[in-house]
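Engineer: Model the structure of this input:
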Amino acid sequence: MQQSIPVIDTKEQTTAPQWYIYIVENRLGQLYTGVTTSPQRRIRQHRGEIKGGARALKGKGPIKFRWIASVSGKSDAMRAEYSLKQLKRPQKLALIKGVRPFPFKAEVCTHLFQDD
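Structural biologist: Numbering: from 1, shown residues only. Alright, predicted model coming up:
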């Protein structure tokens, strides 16, 4: 009798990437909101160090993180991004200062942007 070969479901074994929602500020004081799985890579892209930054930020450096939070998945990140983009500048600044609560389950990640 032949031995059966175990079937491995690779989808089940891969861990989902951590998603982050962030707000960056450019030299003009403009705020930009986005999502990423790698904040370190994304800030380098926005700064023009590597390919892939947002057109809205081109030539407006220096770019610095003002606020980052980790969320549970891509769909939560996209919903949170949409929600943040609906806020007016004073509301975003209140969120950055910690005065306004973030309406999604998330963990603010200040340690990710202390070095920039």
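
Engineer: downstream neighbour of the lengthiest helix in the chain in the secondary structure list?
Structural biologist: Ranked by residue count under DSSP state H, the longest helix found in the chain is helix 74-85. Once the chain leaves helix 74-85, the next helix or strand it forms, by DSSP states H and E, is helix 89-97.

Engineer: Please point out which parts of that next one sit buried.
Structural biologist: Buried residues in helix 89-97, counted by 16 or more other C-beta atoms under 10 Å: K92, L93, L95, I96. Every residue, glycine included, has its C-beta placed from N, CA and C.

Engineer: And the contacts of it?
Structural biologist: Taking contacts as C-beta atoms under 8 Å, 6 or more residues apart in numbering, the residues outside helix 89-97 that touch it are I23, L31, T33, R66, W67, L84, L87, R100, F102.

Engineer: quick one: which of those residues sit in helices?
Structural biologist: Among the contacts of helix 89-97, the ones falling in helices (DSSP H) are L84.

Engineer: Would you mind checking the contacts of helix 89-97 for buried ones?
Structural biologist: By 16+ other C-beta under 10 Å, the contacts of helix 89-97 give I23, L31, T33, R66, W67, L84, L87, F102 as buried.

Engineer: May I see these arranged in JSON lines, with pLDDT and distance to R42 as well?
Structural biologist: Output for the buried ones among the contacts of helix 89-97, formatted as JSON lines (pLDDT from 0 to 100; distance: C-beta to C-beta, whole Å):
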{"residue": "I23", "pLDDT": "92", "distance to R42": "12"}
{"residue": "L31", "pLDDT": "95", "distance to R42": "15"}
{"residue": "T33", "pLDDT": "94", "distance to R42": "12"}
{"residue": "R66", "pLDDT": "90", "distance to R42": "14"}
{"residue": "W67", "pLDDT": "90", "distance to R42": "14"}
{"residue": "L84", "pLDDT": "92", "distance to R42": "15"}
{"residue": "L87", "pLDDT": "93", "distance to R42": "20"}
{"residue": "F102", "pLDDT": "71", "distance to R42": "19"}
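
Engineer: which of those residues sit farthest apart?
Structural biologist: L31 and F102 (15.0 Å; C-beta to C-beta).
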